[in-house]
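A.B. asks: Kindly return the folded structure for what I paste below:
(2 chains)
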Number of protein chains: 2
Amino acid sequence: MGGDHGSRAIIHGAARAVQENPALTLELFGPRQHVMAELSRLPQPLAAAASRLVPRDAADTVPQEATAAWALRHGQRTSMALMLDALGDSRAAVDAAVSAGNTAALVALSRRALGTLPGIGRPAISTAIPARKQQCYLLDLGANVDSPAHRLVDFALMGAAMAQCVDGIERPRVALLNVGAEATKGSASVREADAVLRDHAARGAFDYYGYAEGGDLYGGCVDVMVCDGFVGNAVLKSSEGLAGMLVERVQSAFESRLSGRLASLLARPVLKRLKQELDPVRYNGASLLGLSRIVVKSHGGARAEGFYYAILRAMQEVEHNLPARLSDRWQAVP
Amino acid sequence: MGGDHGSRAIIHGAARAVQENPALTLELFGPRQHVMAELSRLPQPLAAAASRLVPRDAADTVPQEATAAWALRHGQRTSMALMLDALGDSRAAVDAAVSAGNTAALVALSRRALGTLPGIGRPAISTAIPARKQQCYLLDLGANVDSPAHRLVDFALMGAAMAQCVDGIERPRVALLNVGAEATKGSASVREADAVLRDHAARGAFDYYGYAEGGDLYGGCVDVMVCDGFVGNAVLKSSEGLAGMLVERVQSAFESRLSGRLASLLARPVLKRLKQELDPVRYNGASLLGLSRIVVKSHGGARAEGFYYAILRAMQEVEHNLPARLSDRWQAVP
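C.D. replies: Alright, predicted model coming up:
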């Protein structure tokens, strides 16, 4: 029921996912009448696969402006909570949950319904940012503010495990975001995390790059970049804002130099593709890492296509059995 | 002597500034022989104005990798320290200092040589970010990490004063960067600063917008955005990195669709201009605010043109007598 474009976009994205993946079934949590009505309106060929879209009745929804505390206190009967209960219930045989709803509520309700993996205090949110040569996982994106050193270290281990398990990068390069490359810079928690990560990496399953600056996110030299959730959220959202403004400016610059017809022929298709590539959360979804089960957050502004990609992301994580492999990784840490 | 492109770029930028501004004289701090040699190589028409480029001998320079502590202990005879001493010496009749050198050293040495304005504990670094309709001052960009609430409030007042004095915005709209617009979100210092700013704005000289997210930096709805230096530095540098990557991608996308000749005719001029517009520090310089005198930091990667713009920025602040007006503002705060 979440997302700025309402349940229609979500149901269309879900229909595309089941249509393209014959082994996939999706349970749709929301007011049954409403979900049924949307399902009945699906156009062909999407409607053909609708038998694998199963409505699950949930009378309430989490409001977009609700706080985590509100969700924990009053959210028991919301579509989000019922979805997470199903994921947490071993008899339900659900493999993953995907939501475009309120992020703070999703983190809080997921933590309560699913619990974190042994040794992980709190989940982190991560998404793959499109960088120069490959992508770079950035985390945390806002599940935690004011992260102490041990939490930054958890983020690094989780990010490295994800790059290794899901993307098959044998030794992911992990960096710690800082205000400069010099060892004396940064906050106390960042410097402490740096010392621990140097030690881990010497024995561990990833290469520790050391400190990186904001620009290195796009440089293609690291696979995982770690920071506090306040910083990661600011970086992600400012990047989304900048990418949007830039694409608009390129478009208007071309339109002012070329005739309208020529501009639409030449510039628009290029810019459209670029816009999609540069809108990471909207097109990839963001993973809630460190939970005992798989939860993917689709961007609130996602349309059907974005929600479809978030479902694919969840399927990839199921295929690679991400929580179990994260858990193995934690057991191996001395 | 600072900057990635060496003193030649700086001296060229300086020569352009004096050539275009007949009332301007610039003192150039660095090893005299070296500066003289560069001055003698200036091409016409720049060489014509070189009599207003006055070499000031300084044997040492601050290394790019030096820490603030090193600069304070060992940097007394560096070109940066001697420049700031001249600015601090009332007999020298110097109005402002501009440097492309080590930022941490510049902040530390400026603080020692010039002192902060009464009531301001530490300087902040700010630059104008190109947003949708107008520009937005972002501060702090890295002079402070882990800023408590009272420092965030100082940043807001300084940013508002700058937008008002230098850009003539009668009631600047000031926002506090946060992870979400909801009142319950964010770190304790951000929430405390929010409460103080609401109170200030009710009686004050600016409109308080409240919390904003990273994307609002480019949205055109605020004139000043305030955050801790760690966050501001990460946002600025990731934005620079993204803008660079994006311009490359647009370019290669056009080149793969158009013939090389057509691409260079149509796309390159548009992209070149865009690249400049989107490279805020390189093209505007960054102001060290809260000091008793005017200090502008030019981007380390600035070429002659970037250094020239940093000098223009300093001249604007001199013209508007920015430190005195900031100081008046502080007297007026109850």
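A.B. asks: In three-state terms, label residue A:51 for me.
C.D. replies: Reduced to three states with DSSP: H, G, I helix; E, B strand; the rest coil, the structure at residue A:51 is helix.
A.B. asks: Distance check, it against chain B.
C.D. replies: Separation of residue A:51 from chain B (Cβ to the nearest Cβ, to the nearest Å): 39 Å. (Each C-beta comes from the backbone N, C-alpha and C, glycine too.)
A.B. asks: I figured residue A:84 hits residue A:109, correct?
C.D. replies: Yes - assessed by Cβ atoms under 8 Å, residue A:84 is found in contact with residue A:109 at 5.3 Å.
A.B. asks: Please determine how far the most centrally placed residue in chain A is located from chain B.
C.D. replies: Nearest residue to the geometric centre of chain A (Cα atoms, centre = their mean): residue A:286, 0.2 Å. Distance, residue A:286 to chain B, by Cβ to the nearest Cβ: 14 Å.
A.B. asks: Name all residues that make contact with that residue.
C.D. replies: With contact set as Cβ atoms under 8 Å, 6 or more residues apart in numbering or on different chains, residue A:286 has these partners: A:125, A:126, A:127, A:141, A:296, A:297, A:299.
A.B. asks: Just give the nearest non-adjacent residue to it, would you?
C.D. replies: Once flanking residues are discounted, residue A:286 sits nearest to residue A:127: 4.1 Å by Cβ to Cβ, 6 or more residues apart in numbering or on different chains.
A.B. asks: same question, residue A:303
C.D. replies: Among residues not flanking residue A:303 along the chain, residue A:9 sits closest, at 4.9 Å (Cβ to Cβ, 6+ apart).
A.B. asks: The helix or strand where residue A:239 lies close to chain B?
C.D. replies: Secondary structure assigned from DSSP states H and E places residue A:239 in helix A:229-257. Yes - contact of helix A:229-257 with chain B (Cβ under 8 Å from any Cβ of the partner chain) involves A:229-231, A:233-246, A:248-250, A:253-254, A:257.
A.B. asks: With stretch A:65-84 instead?
C.D. replies: Yes - applying Cβ under 8 Å from any Cβ, one finds stretch A:65-84 touching chain B at A:65, A:67, A:69.
A.B. asks: how distant is that stretch from the center of its chain?
C.D. replies: The chain centre lies 19 Å from the centre of stretch A:65-84; the measure is Cα atoms, centre = their mean, to the nearest Å.
A.B. asks: outside of that stretch, which residues touch it?
C.D. replies: In contact with stretch A:65-84 (Cβ under 8 Å, 6+ apart) are residues A:1-2, A:27, A:29-31, A:56, A:58-62, A:97, A:99, A:101-102, A:104-110, A:112-114, A:295, B:182, B:184.
A.B. asks: Which of the residues of stretch A:65-84 next to chain B fall within helices?
C.D. replies: Members of the residues of stretch A:65-84 next to chain B lying in helices (criterion: DSSP state H): residue A:69.
A.B. asks: of the residues of stretch A:65-84 next to chain B, buried ones?
C.D. replies: Buried members of the residues of stretch A:65-84 next to chain B, counted by 16 or more other Cβ atoms under 10 Å in any protein chain shown: residue A:67.
A.B. asks: on that earlier part again, tell me the bridge partners for the residue nearest to the centre of chain A.
C.D. replies: residue A:297 (DSSP bridges).
A.B. asks: Distance check, it against residue A:106.
C.D. replies: 10 Å (Cβ to Cβ, to the nearest Å).
A.B. asks: from memory residue A:326 sits against residue A:289, does it?
C.D. replies: Yes - look at residue A:326 against residue A:289 with Cβ under 8 Å: they come within range, at 7.1 Å.
A.B. asks: Can you list the residue ranges for helices in the stretch 1-150 of chain A?
C.D. replies: For the stretch 1-150 of chain A, applying DSSP state H, counting those that start in this stretch gives helices covering A:6-20, A:32-40, A:68-74, A:79-88, A:103-114, A:149-167.
A.B. asks: want to try CSV for those, with mean pLDDT as columns?
C.D. replies: As requested, these are exported to CSV (pLDDT from 0 to 100):
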stretch, mean pLDDT
helix A:6-20, 93
helix A:32-40, 94
helix A:68-74, 94
helix A:79-88, 97
helix A:103-114, 95
helix A:149-167, 94
